[in-house]
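Q: Whatever this is, show me its structure:
(one chain, ligands or ions: 2)
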Amino acid sequence: MLFGRTALLCLVALAQLAFGAEDYYNLLGISKQASDKQIKSAYRRLSKKYHPDKNPNDKTAHDKFVEVAEAYEALIDGESRRIYDQYGHEGLKQHKQQGGGQQGHDPFDVFSRFFGGGGHFNQQQRRGPNVDLKVKIPLRDFYNGRTTEFQWDKQEICERCEGTGAADGHVDTCSSCHGHGVKLVRHQLAPGMFQQVQMQCDVCGGRGKSIKHRCPVCAGQRVVRKPTPVSLTVARGAAEGTRLVYDNEADASPDYVAGDLVVTLVEKEPDYADNPDRVDGTFFRRKGDDLYWREVLSLREALFGGWSRNLTHMDGHVVRLARGPDEVVQFGHVETVAGEGMPRWHEDGDSVYHKTQFGNLFVEYAVVMPDQMDAKLKKELRGVWDKWIKKNGVDLHKDSGRPEKVEMRSDQEEHTHEEL
Ligand SMILES: [Zn+2]
Ligand SMILES: [Zn+2]
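A: Ligands and ions are numbered 1, 2, ... in the order given. As a prediction, this is how the structure comes out:
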């Protein structure tokens, strides 16, 4: 046992001696089997976290930022990842020295190829527009909470030309405007009278740069739009209209630092196709923390009682509605089922710190009259009814005190006509 531990310590020491750097997978917090998407997502998160602009004068953060960029570059390229997996840091270093693969990039370049701009967050840098998206979520996801994914057509910096727009990556200064992006044009207003106007360079479109061979992927545009998956976590009980902000995840461009992607959660209309488990709760209506449901009873049930219903809630648990024999339910009656509404959102969620509380479920009863009845049954029923009413019945019309006949006042009628 003791030997084993010593041997392990030696191994660890050796490994550090040999590599002198932390394992790239560890560094990005991903597994050896991680997909490209997971690598990108890890880089996206960590590079923002450790960016020197966000951690001024923090040497540790700066070093991390550099290492994270290095790890990302090594793993995102198929060939260099294979070499790294097989031969580690040393192997990769040799491969680079022999001119294989991409040469090492400045960590700020890596960052700018991801988020656009010059690799910095600082104020002088132009910031791209925020992008607002509405994402439709079924009610049950608001109820249960869920981590899901959606896609949108995001503008990204072209990977092929790395945002230069040139097939060979070579960009020249525009010869027409000498790199200024603008030209001075003289207009003759009248003989001998000139006005000098500054105009955007028509040759380079104001960029001040020109390209001989356009990148075949982006056609010289430097950016491409493509479906981009975004991970979305809907917290349990999140309100409709909840806004989730993804820092610097909006459209990227070499000209600016990407703005924020702002996602607004919207409730999706329920539909039968989207309800494979036949959960009644799918069709609940939500109002804040409360839920609404309409239950239909037959005349017989409403009048004589002795019925039960099982409602399947959105997480599959059953809510039982029932009445004993002879318990009457009035049409339109609203029953409050306490604690069967929406979970109330709380920052701690359902944890040791907090027990989730729920709103109410309001069940409104609708009573349907039989529209088809055996003639004999109908006659008998009516006979019983009439007999009973004659004996002790209540005449609703008489009791209401309303007049038997309604008399129209002719002058008022005319007056109304005039107004029209
Ligand atoms: Zn391109
Ligand atoms: Zn120009």
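Q: Find me the pLDDT at Gly104, would you?
A: The model reports Gly104 with a pLDDT of 61.
Q: the strands in the stretch 151-300 of the chain, which residues?
A: 172-173, 182-190, 193-200, 209-210, 223-234, 243-246, 261-267, 285-287, 290-298 (DSSP state E, counting those that start in this stretch).
Q: so what's Asp255 up against?
A: For Asp255, the contacting residues are Gly116, Gly117, Arg126, Gly128, taking CB atoms under 8 Å, 6 or more residues apart in numbering as the criterion. Every residue, glycine included, has its C-beta placed from N, CA and C.
Q: now Arg382
A: Applying CB under 8 Å, 6+ apart, one finds that Arg382 lies in contact with no residue.
Q: what about it, distance to Lys376?
A: Counting by CB to CB, to the nearest Å, the gap between Arg382 and Lys376 amounts to 11 Å.
Q: got it, and Phe150?
A: Distance check for Phe150 against Lys376: by CB to CB, it reads 61 Å.
Q: cool, Ala338 as well?
A: As for Ala338, its distance to Lys376 is 45 Å (criterion: CB to CB).
Q: so which of the contacts of Asp255 is the most crowded?
A: Neighbour counts for these were taken using other CB atoms under 10 Å; the highest belongs to Gly116, with 29 neighbours.
Q: Asp85 touches Ala34, doesn't it?
A: No. Counting by CB atoms under 8 Å, Asp85 sits too far from Ala34 to count as a contact (11.5 Å).
Q: can you list the residues of this structure near ligand 1?
A: For the chain, the contact set with ligand 1 under CB under 5 Å from the ion comprises Cys158, Arg160, Cys161, Cys215, Val217, Cys218.
Q: what are the ranges of the helices in the chain?
A: Counting by DSSP state H, the segments of the chain that form helices are 2-19, 24-28, 36-50, 59-76, 78-97, 107-115, 139-144, 299-304, 375-392, 396-400, 410-419.
Q: I'd like these laid out as TSV, including distance to Ala252 and mean pLDDT.
A: What follows is the helices of the chain, written out as TSV (distance: least, CB to CB, whole Å; pLDDT from 0 to 100):
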stretch	distance to Ala252	mean pLDDT
helix 2-19	33	48
helix 24-28	20	94
helix 36-50	11	92
helix 59-76	16	93
helix 78-97	23	89
helix 107-115	6	88
helix 139-144	29	95
helix 299-304	61	93
helix 375-392	74	86
helix 396-400	71	76
helix 410-419	63	52
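Q: so which of those gets nearest Met199?
A: Comparison of the helices of the chain against Met199 by CB to CB identifies helix 107-115 as nearest, at 29.5 Å.
Q: elements contacting the closest one?
A: helix 36-50, helix 59-76, strand 146-157 (3 or more CB pairs under 8 Å, 6 or more residues apart in numbering; DSSP states H and E).
Q: Deepest-packed of the ones you listed, please.
A: Neighbour counts averaged per stretch over those are highest for helix 59-76, at a mean of 19; criterion: mean count of other CB atoms under 10 Å.
Q: Other residues contacting that one?
A: When contacts are defined by CB under 8 Å, 6+ apart, helix 59-76 is touched by residues 21-22, 24-25, 27-28, 34, 36, 39-40, 42-43, 46-47, 50-52, 54-55, 80-81, 84, 92, 102, 104-105, 107, 110-111.
Q: In PyMOL, how would I select the buried members of those residues?
A: Taking 16 or more other CB atoms under 10 Å as the burial criterion, the selection of buried members of the contacts of helix 59-76 in PyMOL is written as:
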select buried, resi 24+25+27+28+34+39+40+42+43+46+47+50+51+52+80+81+84+92+105+107+110+111
